[in-house]
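Undergrad: All I have is the shape, not the residue letters:
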């Protein structure tokens, strides 16, 4: 198998940017709702998993032990499941909106962020997104490997015949959408440096 590398894309408009803007707006509302909930129950803050589910709440003092279990290794509390009060609190937590990683915007381009699409030396490689809609640009990184076109077509025939399936090979059928401008890594890194410098200047001036 050929070596895995990354392809880099710049996005300033189109479905990915639109989805990222939608995610950021939803996240802003979710953060307000979660902050209000924390204030209501007396928590300092909350922890979350990558998919946005709540992972626990941290309190300045030990909370009601009829509602909350002992804290985990991160000092976060979770509702008891063996008490009515705990189950009621759990239901309220599960109803809270989730804060979603902006990388999920890549789904509209046929990519699955946080899901390995290529495997090398038992290491999974995933698509990622950096940047922010607020600055008008996103950068998408897509794991890739080069194979001969005939090899890919041979695999397509076997897959259609139901005799072979490979996650790695399936990924290599992916094609960028029209809004994704492919660039070299150094071009992306140069623009990120320029953006960071601009933001730093604006923060100083503001």
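TA: In hand now; what should we look at? Just so you know, these numbers come straight off a predicted model, no measurement behind them.

Undergrad: Specify the beta-bridge partners of residue 48.
TA: With DSSP bridges applied, residue 48 shows beta-bridge pairing to residue 54.

Undergrad: burial count for it?
TA: Residue neighbour count, defined by other Cβ atoms under 10 Å, stands at 15 for residue 48. For every residue, glycine as well, the C-beta is placed using N, CA and C.

Undergrad: my guess is it contacts residue 54, does it?
TA: Yes. With the criterion set as Cβ atoms under 8 Å, residue 48 and residue 54 qualify as a contacting pair; they are 5.8 Å apart.

Undergrad: And the strands in the protein?
TA: Taking DSSP state E as the criterion, the chain contains strands spanning 5-11, 45-48, 54-58, 118-120, 123-125, 128-132, 137-144, 181-183.

Undergrad: Buried residues, the longest helix that the chain contains. List them.
TA: With secondary structure taken from DSSP state H, the chain has its longest helix at helix 15-41. By neighbour count, with 16 or more other Cβ atoms under 10 Å as the criterion, the buried positions of helix 15-41 are 15-17, 19-20, 23, 27, 30, 34, 37-38, 41.

Undergrad: what would those residues look like in CSV with pLDDT?
TA: Formatted as CSV, the entries for those read as follows, by pLDDT from 0 to 100:
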residue, pLDDT
15, 96
16, 97
17, 97
19, 96
20, 96
23, 95
27, 94
30, 95
34, 96
37, 97
38, 97
41, 97
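
Undergrad: which one of the residues you listed sits closest to residue 94?
TA: Of all the buried residues of helix 15-41, residue 94 sits closest to residue 37, with 11.8 Å by Cβ to Cβ.

Undergrad: Pull the contacting residues for the closest one.
TA: With contact taken as Cβ atoms under 8 Å, 6 or more residues apart in numbering, residue 37 is in contact with 43, 46, 92-93, 96.

Undergrad: Any figure for the gap between residue 106 and residue 86?
TA: In this view, residue 106 and residue 86 are 37 Å apart by Cβ to Cβ, to the nearest Å.

Undergrad: can you list the weak-confidence ranges in the protein?
TA: Judged by pLDDT under 70, the chain has its weakly predicted residues at 1, 206.
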